[in-house]
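[1] predicted model and sequence follow; I will ask about them next.
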Amino acid sequence: MATARLLLDSPAVRVTDLRCGSPRSGPSAERGAEPAHLALLRRGAFTYHLGARAFLGDATTALLHLEPASYRVSHPGPDGDEVTVVELPGETLPELFGRAPAVAWAVAPAAQLRHHRLIGALTRGALGALAAEEAVLGLLAELARHAAFPPRLSRRDRRLVDGAKARLHADLGRNLALTDVAAALGASPFRLMRTFRAATGLSVRAWRRRARVLEALARIAAGEDDLGALAVRVGFAHHSHLTDSFRDVLGAPPSALRRLVRARLEQDRTFLEAR
């Protein structure tokens, strides 16, 4: 079941908070005639299916969908997802990110942190109309400026990499071995390791660590306070392991980022308007 909350609706930009509670599922019915939009996941994962092609989106990856292509959606994880959907009029999105019917690229952890702060501010009504528009457009400009587009992959290799991500997301709290993931996908561990690093620039282990940190960040932003229980739930050995990983990936411990993403309204306004 999906719920949508409109966070910003202006002539310049439209932002919707979309939350889907669907468990693991196959591709949905075909969706068409939807406006061009950018999907930024805060938690969970989903896949756009365009004909025989598929593009996995998660908290480490942005997805751009351009009209008039129709698509289907599936959910590889057990807990649904939370997505920020950004729509801009005219040719702004193609100008920023290109013209392919669907494009996927890596999102830096710092940009994801900024994304969470922005959604928190919009949800609380912390920004005036002009400041909100500029904050959203500023985030898009940062994403475009630092977009790390993956190398061109064969369809077989793309399925392998996205399949590995989906498998890890489905059991993020478990310490799956490389051999477990490779066997589930019908590939050798060496081929998976080599193809995954070529596509993402990260080892499978490093990518899973980043995904776990971003999953924990989303839960902290949503109000979760028990960091010890959260650490275990998303796959870290203990609270200290979570803290060390946050420092390495996001540059600050979870306690500091909890204060940051839940800052007072005036602090949100000052931070976002300065961007």
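    Cool, the structure landed.
[2] could you measure from the closest residue in space to residue 237 that isn't next to it in sequence over to residue 108?
    The spatially closest residue to residue 237, leaving aside those adjacent along the chain, is residue 231, at 7.6 Å (CB to CB, 6 or more residues apart in numbering). Where you see a C-beta, it was placed from the backbone N, CA and C, and this is true even at glycine. According to CB to CB, to the nearest Å, residue 231 stands 23 Å off from residue 108.
[3] find the centremost residue of this structure, please.
    Nearest to the mean C-alpha position of the chain, by CA atoms, centre = their mean, lies residue 59 at 2.2 Å.
[4] correct me, but that one touches residue 46?
    No: contact status for residue 59 versus residue 46: not in contact, 11.4 Å apart, counting by CB atoms under 8 Å.
[5] quick one: neighbours of the closest residue to residue 239 other than its chain neighbours, just the number.
    Once flanking residues are discounted, residue 239 sits nearest to residue 228: 4.5 Å by CB to CB, 6+ apart. Residue 228 has 12 neighbours, counted by other CB atoms under 10 Å.
[6] surely residue 7 touches residue 119?
    Yes: with contact defined as CB under 8 Å, residue 7 reaches residue 119; the gap is 7.1 Å.
[7] hmm, back to that, looking at residue 231 and residue 108, which is more packed in?
    Taking neighbours as other CB under 10 Å, residue 231 and residue 108 compare with residue 231 leading, 22 against 15.
[8] any low-confidence regions in the stretch 51-200 of the chain?
    67-68, 77, 101-102, 148-150 (pLDDT under 70).
[9] in it, which spans are strands?
    Taking DSSP state E, counting those that start in this stretch to define them, one finds strands in the stretch 51-200 of the chain at 53-58, 61-65, 72-74, 81-87, 102-106.
[10] quick one: contacts for the residue lying closest to residue 136 once chain neighbours are set aside?
    Leaving aside its sequence neighbours, residue 136 sits nearest to residue 13 (CB to CB, 6+ apart; 5.0 Å). The neighbours of residue 13, taking CB atoms under 8 Å, 6 or more residues apart in numbering as the test, are 86, 87, 88, 133, 136, 137.
[11] could you rerun that using 10 Å?
    Counting by CB atoms under 10 Å, 6 or more residues apart in numbering, residue 13 touches 86, 87, 88, 89, 92, 132, 133, 134, 135, 136, 137, 140.
[12] only whichever of these are buried, select them in ChimeraX.
    Buried members of the contacts of residue 13, defined by 16 or more other CB atoms under 10 Å, are picked up in ChimeraX with:
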select :86,87,88,132,133,134,135,136,137,140
